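Peer 1: predicted model follows, preceded by the sequence.
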Amino acid sequence: MLISNPRAGSVSTRTKEVIVKALSADFKLESQVTNHRDHAIELARDAVDRDFDAVLAFGGDGTINEVAQPLVGTKVALGLLPGGSTNVMARSLGVPKDPVEATAFVASNLRSGTKRRIGVGKMDGRYFMFSCGIGLDAEVVKRVEADVASGNRKSDWTFIKHALAAGATEYRTTEQWLTVKVPGYDSFKGVLGVCCNARPFTYYKRFPVEACPQARLDRRLDLLVMRNIRTGTIPRIIWALFVSRGHIAWRKSRYFHDIPSFTWVADVPKPAQVDGDYIGERQEMEVSHVPDALDLLV
């Protein structure tokens with residue numbers, strides 16, 4: 001089954017037609033198009049129920065995340081065809097950037113039976129492949145989605161604009177609203193939380209943004225919590241995320257590598273995101289690693 005999101009950044013009718021024609025030459029193919037949020041979950045669940053061998057997601061990271069939900073814990077493989085504006089998961093796995101070339105790559109792996117079984121994260125009942133977060137990063141995603149919904153075009157500058165705006169206003173604070181509980185450690189508080197199941201956290205143009213630089217897809221979860229954010233430290237944080245990776249050792253941060261689970265508790269409901277998709281306001285969330293969970297055609 002091919003599931004396409006026509007609203008994704010670089011999905012076009014012409015490209016989809018080429019992909020469908022190429023896949024139909026070698027496989028019995030069913031092509032579906034999403035028309036509302038979480039529709040890809042419904043379509044992928046139908047593919048699982050009908051014993052499809054694979055589901056290919058043509059869209060951005062949000063579409064891929066939706067398609068992955070019902071595939072977790074099954075033998076139905078997931079193929080990634082990058083059609084979004086950032087395509088974090090596809091790029092990190094070495095899938096070709098061009099969706100037509102990616103189709104040939106995925107089809108070759110499907111024919112040969114080449115798969116990679118990975119673990120995933122789970123937050124508040126929602127699986128994620130590379131990241132989840134609460135607070136600033138989710139606030140940025142929320143603002144970007146609202147911007148696009150109002151008719152504005154999404155670009156790299158859109159993310160920077162909203163990150164600076166949120167970081168310099170309500171998230172520029174020493175008020176520690178987030179309580180973090182990691183098994184085996186005393187609970188502690190912070191103002192920002194990011195969890196990664198893989199790296200990078202995202203990309204800015206061709207540059208990886210490394211919130212959790214030690215995260216690996218073949219390990220468990222990495223967690224970064226910032227204790228405070230001040231206006232004067234924002235340039236240093238940006239430098240660390242792009243270049244030095246030194247933020248994981250700062251006194252104002254806590255970093256955990258390869259952990260099985262933890263809990264986030266916010267003083268009041270805060271924005272949350274999974275794989276770069278805003279999922280609403282959350283207050284208390286269990287986050288855990290699910291091993292041996294999903295087959296990827298890479």
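Peer 2: That came through fine.

Peer 1: drop to CA atoms for contacts and neighbour counts, all remaining ones
Peer 2: Fine.

Peer 1: how about low-confidence regions in the stretch 101-250 of the chain?
Peer 2: 148-174, 230-232, 234 (pLDDT under 70).

Peer 1: off-centre distance for the longest strand along the chain?
Peer 2: If you go by DSSP state E, the chain has its longest strand at strand 277-296. Strand 277-296 sits 10 Å away from the centroid of its parent chain (CA atoms, centre = their mean, to the nearest Å).

Peer 1: just stretch 189-206 next, same as before
Peer 2: Remark: stretch 189-206 is offset 9 Å from the chain centroid, using CA atoms, centre = their mean.

Peer 1: before we move on, what about stretch 78-91?
Peer 2: Once both centres are worked out by CA atoms, centre = their mean, stretch 78-91 turns out to sit 10 Å from its chain's centre.

Peer 1: identify each buried residue in it, please.
Peer 2: 78-91 (16 or more other CA atoms under 10 Å).

Peer 1: max pairwise distance over those: which two?
Peer 2: Using CA to CA, those span at most 19.7 Å, a distance reached by Leu78 and Ser85.

Peer 1: circling back: for the longest strand of the chain, buried residues please.
Peer 2: Using 16+ other CA under 10 Å as the test for burial, strand 277-296 gives 277-278, 281-282, 284-285, 287-291, 293-296.

Peer 1: so which of those is the closest to Asn65?
Peer 2: When the buried residues of strand 277-296 are compared against Asn65 (criterion: CA to CA), the nearest one is Asp277, at 8.5 Å.

Peer 1: contacts only, for the closest one.
Peer 2: By CA atoms under 8 Å, 6 or more residues apart in numbering, Asp277 lies in contact with 61-62, 138, 141.

Peer 1: over to Val268?
Peer 2: Residues in contact with Val268 (CA under 8 Å, 6+ apart) are 177, 283.

Peer 1: look at it and report its pLDDT.
Peer 2: If you check Val268, the pLDDT there is 94.

Peer 1: tell me if I am right that it is in a strand.
Peer 2: Yes: judged by DSSP: H, G, I helix; E, B strand; the rest coil, Val268 forms part of a strand.

Peer 1: can you give me the distance of it to Lys21?
Peer 2: Look at Val268 and Lys21: by CA to CA, to the nearest Å, they are 50 Å apart.
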